[in-house]
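Chemist: coordinates for the following, if possible.
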Amino acid sequence: MALLETSAENLQQLPLGRIAAFDYGEKRIGVALSDPLQVLATPFRTLGNAGKKSVLRELSALLSDNACCCVVFGMPYHLHGDAGDKARQVEQLAVDLAKRITLPIFCWDERWTTVRAHQTLQELGESPSRNKARVDRMAAAFILQAFLDRIAAVRSHR
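Modeler: Numbers count the residues shown, from 1 in each chain. Model (predicted):
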């Protein structure tokens, strides 16, 4: 399936079921999953980034093993909203994954999610620099929760 726009029409057509979100990084990929009713995002795991082929294989297996119905990639846009090299890299990964799976794939603005994850860990009295994998999972959960909140808003206006 191709990448979909986050239009109200596309979001209304999503079936209930788990949604997976990915916070892509050159070393690690944070993963979050929703509950089947698409209300709450939970940090799930952090995958090592061992290259595109390995990542595509791991992401495909994770989606299948967790019976996901949709995928969300966090897009690392610049502060002014333009797409840089990293955003294009993430978009290419999403396109490559779309060739392997039949699930709808969305891209979602991830600006400030890592900052929020750092702040959350600091508020918990933990060091973000010593918990990089946890930061990645938390950032993925922030991406997914924002996406879930958008779905809920669209569904409430049916």
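Chemist: shaky segments in this protein?
Modeler: Within the chain, the stretches with pLDDT under 70 are 1-2, 78-81, 83, 111-131, 133, 158.
Chemist: what helix or strand is the nearest residue to Glu5 once chain neighbours are set aside located in?
Modeler: Closest residue in space to Glu5, ignoring its immediate chain neighbours: Phe106 at 8.0 Å, by C-beta to C-beta, 6 or more residues apart in numbering. Glycine gets a C-beta too; all of them are placed from N, C-alpha and C. Taking DSSP states H and E as the definition, Phe106 sits inside strand 105-109.
Chemist: partner strands of that strand, with direction?
Modeler: strand 3-4 (parallel), strand 68-75 (parallel) (DSSP bridges).
Chemist: can I get it in CSV, CA atoms only?
Modeler: Taking Å, rounded to 0.1, in the frame of the first residue of the first chain, the C-alpha atoms of strand 105-109 are listed here in CSV:
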residue,chain,number,x,y,z
ILE,A,105,1.3,3.9,6.2
PHE,A,106,1.2,7.5,7.4
CYS,A,107,3.9,10.0,8.1
TRP,A,108,3.5,12.3,11.1
ASP,A,109,5.4,15.4,12.2
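Chemist: quick one on the thing from earlier: can you say which of the strands paired with strand 105-109 is packed in most?
Modeler: Compared across the strands paired with strand 105-109, strand 68-75 shows the largest average neighbour count, a mean of 23 (mean count of other C-beta atoms under 10 Å).
Chemist: now do that strand: distance to the chain's middle.
Modeler: On the basis of C-alpha atoms, centre = their mean, to the nearest Å, strand 68-75 sits 5 Å off its chain's mean C-alpha point.
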